[in-house]
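S.K.: I'll drop the sequence and a predicted model, then ask my questions.
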Amino acid sequence: MASAPASETPPPLRRSVAMVWRSLRSMRTALILLLILALVSVAGSFVPQIPNSPLRVARDFQEHPLRSRIFDALGLFDVFGSWWFTLVYSLLLVSLGACLIPRTRAIVRNLRSRPQPARELDTFRHYAEVQVPHAPQRAAEQAQKLLRRRWFRVSRPQGQASVAADKGLAREFGSLLFHWSFFLVMIGIVIGKGTGFTGFAAITEGQCWVEAAANYDGNLRTGRYFGGNHTGAQICVDSFSDTYRTSGIPMDFVTRASLTSGDGVTTTTHDIRLNDPGSIDGLNLYQFAFGWAPEIEVRLGDRVIADGPIQFERNPAPEGVSELAVPWHGALRLPTTEPQRGVQFDLWPSFAAYLAFLETGEPTTMMTAPDHPVLNFSVYEGDLAAELAPRFSEIDARGLREESRGAVGQGQIVSLQTGRVLDGERLDRARADEELTMSFTGIRQYTVLQVSRDRGLWIMLAAAILILVGLIPALYTSRRKVWVRADPDGRGSVLKVGGFALQRTTQFEEEFARLVRDLERATGGGDPSGPDRSETDRVGAR
């Protein structure tokens, strides 16, 4: 008789896939992948990233070409967009899902099942015997009612004088909810950051700005899966106000803006503060920064060639100097003149601070409000097309010739060719001679709003709430089980109680002792009118 063929061994590829899947289903693998993500995120914080700081990355290529090429090959200049970061992130999601789905099935089965009876109660760590006057069935019924009042899940087999109970399943449910919430956080990050964007809009008082890619002036960071669909919403800044304490500590920054949806149907007015963002068409508008915008008019003879507010910036303050004492700077390029001219400005919002600077040579007086502002200026002429400045608010004077310099107060007119203030006959003569003149007509403020769209924000909020909900039972409850059996005795019944706790075992010792005393009273053993019992009738927790 031929022997049965041996069972075929799985092919190598199938065994390899099964081994990988078993590894991914391990919580240890998920923790290792989470640690790797944390380490590479730290690397992304120390190395400049192309989406956030393209100029710093370009400077690194100039200053350290070999190191930069290595970093670029490893994807360190775009850590969160690299293929290996995406791979680790995807594996972590798969690993978490593979770990959580079996745990979810197990807890669902546990919820559907009932506590099972136990035979040898005296083998449990906590055990006690109590003499009660009732019959076994009556004693078991009273024990069942007491345990239910204590929020135990209770199971009592039909016709038996025994009760099985457990409590604290909320701990396992809370732990599972916490891990599912963490999984939800990771999904929210992919949806929110992957499909959203963040940009900055600098808007002068009295002007409007439309949410479109071209209007961000390069200050736009988009997610990897952003489809390019901007909203077209309009933001009109009615006013901006900032308040300070006498010490120079800021108190509040408020942008009053009119927000109009992209379809032009909805218009709302909102005061945007640091902790009170505005919202329109799914966009969140955060108060980010502010600055001064002097109103300047430039004429060539009687013809206006430049007119409007110019947004100025401020350099970081030197050590020991208040940031409010540092002047603001800006630039105006006039390529329409012959020769081409560019004007570099320094704005002193306060004339008193300007005088103090002239006397000491250092900025010392804080400027929190405009008070007879002064503009220092330098006029350069040359080929502005070849002039390369790192920022639009600066003029690179290399290769240019300084034509004049001077100062102008608000309401004054100066000649950009001589740097002298003009009025009366000199102004008329300058206009008649087609001279280049400049007027400092007023000063406004501008606000910088961070414009963000994050469709995963509500997912993150829900996940954060669920994490807190899951932590409460996971931290403050414990799983414990109790069994009660009533055996017949000549004087009534012997109530045998056993139990154990999976967590917080020290606290369960006290809880078990109280439970035994309450069971004794509930079954009539604690009734003063009942038969006397000595301490030797009970065996305490072991």
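M.R.: That came through fine.

S.K.: quick one: R429 from P133, how far?
M.R.: From R429 across to P133, the span is 123 Å (CB to CB, to the nearest Å). Every C-beta, even on glycine, is put in place using the N, C-alpha and C of the backbone.

S.K.: Also A18?
M.R.: In terms of CB to CB, A18 sits 61 Å off from P133.

S.K.: Compare those two and say which is more crowded by neighbours.
M.R.: P133 (18 against 11; other CB atoms under 10 Å).

S.K.: distance between the helix or strand where T447 lies and the chain's centre?
M.R.: Using DSSP states H and E, T447 falls within strand 436-453. Centre-to-centre, strand 436-453 and its host chain are 30 Å apart (CA atoms, centre = their mean, to the nearest Å).

S.K.: Equivalent analysis for stretch 53-65, please.
M.R.: 28 Å.

S.K.: Send me that stretch as CSV with only the CA atoms.
M.R.: C-alpha atoms of stretch 53-65 as CSV (Å, rounded to 0.1, in the frame of the first residue of the first chain):
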residue,chain,number,x,y,z
SER,A,53,14.1,77.6,2.8
PRO,A,54,15.1,77.4,-0.8
LEU,A,55,17.6,80.3,-0.5
ARG,A,56,19.4,78.6,2.4
VAL,A,57,19.7,75.4,0.4
ALA,A,58,21.1,77.3,-2.6
ARG,A,59,23.6,79.0,-0.3
ASP,A,60,24.7,75.6,1.1
PHE,A,61,25.3,74.4,-2.5
GLN,A,62,27.5,77.4,-3.0
GLU,A,63,29.4,77.2,0.3
HIS,A,64,29.6,73.4,0.7
PRO,A,65,29.1,71.8,-2.8
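
S.K.: buried ones in the helix-or-strand element of the chain with minimal mean pLDDT?
M.R.: Using mean pLDDT, DSSP states H and E, helix 12-24 stands out as the lowest-scoring helix or strand of the chain, at a mean of 77. Residues L24 are the ones in helix 12-24 that count as buried (16 or more other CB atoms under 10 Å).

S.K.: which stretches of the chain form helices?
M.R.: 12-24, 27-46, 54-63, 65-74, 83-112, 136-149, 169-195, 351-360, 424-432, 457-476, 505-522 (DSSP state H).

S.K.: Make a markdown table out of those and add distance to P157.
M.R.: Listed next are the helices of the chain as a markdown table, based on distance: least, CB to CB, whole Å:
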| stretch | distance to P157 |
| --- | --- |
| helix 12-24 | 39 |
| helix 27-46 | 36 |
| helix 54-63 | 72 |
| helix 65-74 | 65 |
| helix 83-112 | 18 |
| helix 136-149 | 10 |
| helix 169-195 | 21 |
| helix 351-360 | 89 |
| helix 424-432 | 108 |
| helix 457-476 | 29 |
| helix 505-522 | 18 |
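
S.K.: between those, which gets nearest to G301?
M.R.: helix 424-432 (5.6 Å; CB to CB).

S.K.: helices or strands next to the closest one in the packing?
M.R.: strand 436-453 (3 or more CB pairs under 8 Å, 6 or more residues apart in numbering; DSSP states H and E).

S.K.: could I get the strand it packs on in PDB with only the CA atoms?
M.R.: Extracted in PDB, the C-alpha atoms of strand 436-453 (Å, rounded to 0.1, in the frame of the first residue of the first chain):
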ATOM      1  CA  LEU A 436      13.000 114.000 -10.700                       C
ATOM      2  CA  THR A 437      11.100 114.800  -7.400                       C
ATOM      3  CA  MET A 438       9.700 112.700  -4.600                       C
ATOM      4  CA  SER A 439       6.900 113.400  -2.100                       C
ATOM      5  CA  PHE A 440       6.500 111.700   1.300                       C
ATOM      6  CA  THR A 441       2.700 112.100   1.400                       C
ATOM      7  CA  GLY A 442       1.700 109.800   4.300                       C
ATOM      8  CA  ILE A 443       2.300 106.600   6.200                       C
ATOM      9  CA  ARG A 444       0.100 103.400   6.600                       C
ATOM     10  CA  GLN A 445       0.600 100.100   8.200                       C
ATOM     11  CA  TYR A 446       0.400  96.700   6.500                       C
ATOM     12  CA  THR A 447      -0.400  93.300   8.000                       C
ATOM     13  CA  VAL A 448       1.100  89.900   7.100                       C
ATOM     14  CA  LEU A 449      -1.500  87.100   7.300                       C
ATOM     15  CA  GLN A 450      -0.600  83.400   7.200                       C
ATOM     16  CA  VAL A 451      -3.100  81.800   4.800                       C
ATOM     17  CA  SER A 452      -3.500  78.100   5.300                       C
ATOM     18  CA  ARG A 453      -5.800  75.400   4.100                       C
END
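
S.K.: List the neighbouring strands of that strand plus their orientation.
M.R.: strand 197-204 (antiparallel), strand 283-300 (antiparallel), strand 413-415 (antiparallel) (DSSP bridges).

S.K.: What mean pLDDT does it get?
M.R.: For strand 436-453, the mean per-residue pLDDT is 93.

S.K.: just stretch 466-486 next, same as before
M.R.: 87.

S.K.: just the CA coordinates of it, formatted as CSV?
M.R.: C-alpha atoms of stretch 466-486 as CSV (Å, rounded to 0.1, in the frame of the first residue of the first chain):
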residue,chain,number,x,y,z
LEU,A,466,-10.5,60.6,21.2
ILE,A,467,-6.9,60.3,22.5
LEU,A,468,-7.9,62.1,25.7
VAL,A,469,-11.1,60.0,25.9
GLY,A,470,-9.1,56.8,25.5
LEU,A,471,-6.4,57.9,28.0
ILE,A,472,-8.8,58.4,30.9
PRO,A,473,-10.0,54.7,31.3
ALA,A,474,-6.5,53.4,30.2
LEU,A,475,-4.9,55.3,33.1
TYR,A,476,-7.5,55.2,35.9
THR,A,477,-9.1,51.8,35.5
SER,A,478,-7.9,48.2,35.6
ARG,A,479,-9.2,44.8,34.5
ARG,A,480,-10.3,42.6,37.3
LYS,A,481,-12.4,39.4,37.6
VAL,A,482,-14.4,38.0,40.5
TRP,A,483,-16.1,34.6,41.1
VAL,A,484,-18.6,33.8,43.8
ARG,A,485,-19.9,30.3,44.6
ALA,A,486,-22.3,29.3,47.3
